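Participant: Below are the sequence and a predicted model for it; my questions follow.
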Amino acid sequence: WEDVVQDRSGRRRWPELEVIKLRDKRGIYGERGDDIHFRRDVARAAGDELIKAVWRTALGRTDFRDGDILLVLAAGWNANGAYYNALDENGHAWRKAELVALAELCALNGHLLSTIRSRMEDLLVRASQE
């Protein structure tokens, strides 16, 4: 979606993304020494536009009914420099833990929100126990 923000010519066009209002030739990434996180000056707008694009995509590809909600789950956002296939210097594999937790939550697709919240709370307790 950075192609849309930078308004690159020749990009593949997705209707859900073309309506994004944020435009910046520098893109959304690239703080000095950090190519992973949004730039500070566009971070809020980039996050807002990303959430809206996910919502538009879900609406276009899913048969939502009255009372349905969209829960967006992401793994790895807070595990920079963490490992998924080995222990770090403190004996942890946080990225793997996040991926396992994500898989467990995704397996609850279609369940009541109370069931998902309960499982999330269980996962948080497990994570705090190291």
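Facilitator: Perfect, I can see it now.
Participant: Give me the longest strand you can find in the protein.
Facilitator: Selection of the longest strand in the chain by residue count, based on DSSP state E, yields strand 34-38.
Participant: So which bits of it are buried?
Facilitator: The neighbour-count check on strand 34-38 (16 or more other Cβ atoms under 10 Å) flags Phe38 as buried. Heads up, the C-betas are built off the backbone N, CA and C, glycines and all.
Participant: for stretch 20-35, same thing?
Facilitator: Buried, per 16+ other Cβ under 10 Å, within stretch 20-35: Ile20, Ile28.
Participant: close enough to count as contact, Leu105 and Met120?
Facilitator: Yes - under the criterion of Cβ atoms under 8 Å, Leu105 makes contact with Met120 at 6.7 Å.
Participant: which strands and helices sit next to the longest helix anywhere in the chain?
Facilitator: Criterion DSSP state H: the longest helix present in the chain is helix 43-61. On a contact count with 3 or more Cβ pairs under 8 Å, 6 or more residues apart in numbering; DSSP states H and E, helix 43-61 meets helix 15-18, strand 34-38.
Participant: Quick one: the strands in this protein, in order.
Facilitator: 29-31, 34-38.
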